[in-house]
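# Build me a model from this:
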Amino acid sequence: MSSSAVSTPVASAPARSTSRLWAGRVLLFVGFFAALAAFPVYTPFDSKLTLPTTLSLLREGNLDLDEYAPTFESYRHGLYERDGHLYNYFPLGPSLAAVPMVVLVDGFVRLATPVGTLHPSLAKPLAHWRHIYDATGRVDLDAWNGPQRLFASALTALAGVVMFVLGTALHLSRQRALLLAAVFVFCTPLLSTASRALWQHGPSLLCLTGVLLCLIRAREAPRHLAWAGIALALAYVMRPTNSLSVLVLSLYVPWTHPRQAWKFFAGALAVAIPWVTVNLVHYGSVLAPYYEPQRLELSAARVAEALAGNLVSPARGLLVFTPVLLMSAWGLGMDVRARTFTRLHAALVAVVALHWAAISTFPHWWAGHSYGPRFFSDMVPYLVFFLVPVVRALQWRGPEARRGLTATFAVLAVLSLVLHVHGASSRAVYRWNSLPLDVDEHPERLWDWADPQFLGRR
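Numbers count the residues shown, from 1 in each chain. Model prediction:
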């Protein structure tokens, strides 16, 4: 027998293993996506112009929405005008994140069998897609609500897969990494907020989860620092509050990888340079209008209320709506006791604290008409990262059983799951924002434990 014949099965084993690995991740994505997309609630409040901007970019190669001008005679929310052109006031990032999905869906639709020969169950949605994709002039922006929810669900599902890979990179078993990812997707605002519409939070937290994975992998393979820089810069393009992650992690990387840090900054510049160029061309400034800092308010009394409200308000409190994240503090304590608390942990704690302070300076710290802690959504990847030692320690039986820890985690996770499932399936929780009084005009309702938003009784 020749040596080449002997080596063939050995050489193919890694290929088969890699194929199974990717197949498993694809199946996980499909499972997460199917579950998220099944929830009926969509919340296209600030994201109405996200997909029109994507279409303008794909069809005309620009970001202005002039082709939809008749639509804006009656709808002005989120519209920005400069030099006679109309733009989406909100960040460009979510529109860019939608580009590959819009291209894929439209390509599939246009290559599919002509609508007239398809089964009605397929013909109707395909005809609907073609109509809203091709429409200009006076259009029905509500027609994009369904595609928005599906695209947002896809981004959120992808974030869940990245969290699963992060768990395995941190040496969790596949079962425990799956548990970590499931908690991430279904027991947090990823379900009730990020997956409900194509606003900033879904692509933002996807990018931040990617940053975490790249920084963990960079411990052994510094080439991943370039990808971390790209993902971090994209996170800022998605949402301006991610400037805090940019600031802190841009200090962490050279502190931890002094000789390889240039790769991180080169990756970040690969995103920053074209983004700044686009801003200069369209807005005449380095930063887009939404990124201007004058939207903050530094009243001591208001900030103090907001700091408390963002944690424990019955309408917006992170720990009220996502009590499983109480275990994040326990996880940090476990890392300190085990001497596995790293510089990365310290950097992420700093980002979370600064983010909490920053969102508490917004005049409308409760994030308008939303469900639960919307402004805290972007920090969920970091907070779930802190859960890793807790998930690793869960054990109900055997000599290493930790029944108290396991039972506490299970109860808090199930409670979080129920609250976020309710937010993704009940429109009553959103009617709470308007009835009996508009919460933006009567923010005292944010503290009414007799009528908490999560009950959704209207």
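# Lowest-scoring secondary structure element of the protein by mean pLDDT?
helix 120-134 (a mean of 77; mean pLDDT, DSSP states H and E).
# Name the secondary structure element that contains the residue nearest to Ala226 when sequence neighbours are not counted.
Leaving out its chain neighbours, the residue that sits closest to Ala226 by C-beta to C-beta, 6 or more residues apart in numbering is Gly267, at 3.9 Å. (Each C-beta comes from the backbone N, C-alpha and C, glycine too.) Assigned by DSSP states H and E, Gly267 belongs to helix 261-283.
# mind listing what's buried in the following helix or strand past that helix?
Later in the chain than helix 261-283, the nearest helix or strand by DSSP H and E is helix 300-312. Buried residues in helix 300-312, counted by 16 or more other C-beta atoms under 10 Å: Arg302, Val303, Glu305, Ala306, Leu307, Gly309, Asn310, Leu311.
# Tell me which residues are up against helix 300-312.
Outside helix 300-312, the residues that touch it by C-beta atoms under 8 Å, 6 or more residues apart in numbering are 297, 316-320, 356-357, 359-363, 365-366, 373, 375-376, 446-447.
# Out of these, which end up buried?
Buried among those by 16+ other C-beta under 10 Å: 316-320, 356, 359-362, 365-366, 373, 375-376, 446-447.
# picking that back up, using PDB, list the CA coordinates for the least confident helix or strand of the chain.
What follows is helix 120-134 as a C-alpha-only set of coordinates in PDB (Å, rounded to 0.1, in the frame of the first residue of the first chain):
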ATOM      1  CA  PRO A 120     -50.200  31.200  -3.600                       C
ATOM      2  CA  SER A 121     -48.300  30.800  -0.300                       C
ATOM      3  CA  LEU A 122     -45.100  31.800  -2.100                       C
ATOM      4  CA  ALA A 123     -46.500  34.000  -4.800                       C
ATOM      5  CA  LYS A 124     -48.000  36.600  -2.500                       C
ATOM      6  CA  PRO A 125     -44.900  37.300  -0.300                       C
ATOM      7  CA  LEU A 126     -42.700  37.400  -3.400                       C
ATOM      8  CA  ALA A 127     -45.000  39.800  -5.100                       C
ATOM      9  CA  HIS A 128     -45.100  41.900  -2.000                       C
ATOM     10  CA  TRP A 129     -41.300  42.000  -1.800                       C
ATOM     11  CA  ARG A 130     -41.000  43.100  -5.400                       C
ATOM     12  CA  HIS A 131     -43.500  45.800  -4.900                       C
ATOM     13  CA  ILE A 132     -41.800  47.400  -1.900                       C
ATOM     14  CA  TYR A 133     -38.300  46.900  -3.300                       C
ATOM     15  CA  ASP A 134     -39.100  48.700  -6.600                       C
END
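# ok, residues contacting it?
Against helix 120-134 from outside (C-beta under 8 Å, 6+ apart): 55, 102, 105-106, 109-110, 112, 115-116, 118, 139-140, 143-144, 147.
# any idea how far it is from the chain center?
Relative to its parent chain, helix 120-134 has a centroid offset of 28 Å by C-alpha atoms, centre = their mean, to the nearest Å.
# Show the subsequent helix or strand relative to it.
Following helix 120-134 in sequence, per DSSP H and E, is helix 145-169.
# Give the other helices and strands that that following helix contacts.
helix 3-38, helix 50-60, helix 93-111, helix 174-186, helix 201-217, helix 380-385 (3 or more C-beta pairs under 8 Å, 6 or more residues apart in numbering; DSSP states H and E).
# so what's Leu394 up against?
Counted by C-beta under 8 Å, 6+ apart, Leu394 has contacts Arg176, Leu179, Arg402, Leu405, Thr406, Phe409.
# quick one: contacts for Leu348?
Here Leu348 is in contact with Tyr382, Phe385, Phe386 (criterion: C-beta under 8 Å, 6+ apart).
# Give me the nearest residue to the second one, chain neighbours excluded.
Distance criterion C-beta to C-beta, 6+ apart; nearest residue to Phe385, sequence neighbours excluded, is Leu212 at 5.8 Å.
# Just the element for the residue lying closest to Leu215 once chain neighbours are set aside, please.
For Leu215, ignoring the flanking residues on the chain, the nearest one in space by C-beta to C-beta, 6+ apart is Ala228 at 5.3 Å. Following DSSP H and E, the helix or strand that holds Ala228 is helix 224-238.
# again with Tyr87
Per DSSP H and E: strand 85-88 holds Tyr87.
# What pairs with that strand, parallel or antiparallel?
strand 79-82 (antiparallel) (DSSP bridges).
# Tell me if I am right that Glu441 is in a strand.
No. Looking at Glu441 with DSSP: H, G, I helix; E, B strand; the rest coil, it is coil, so not inside a strand.
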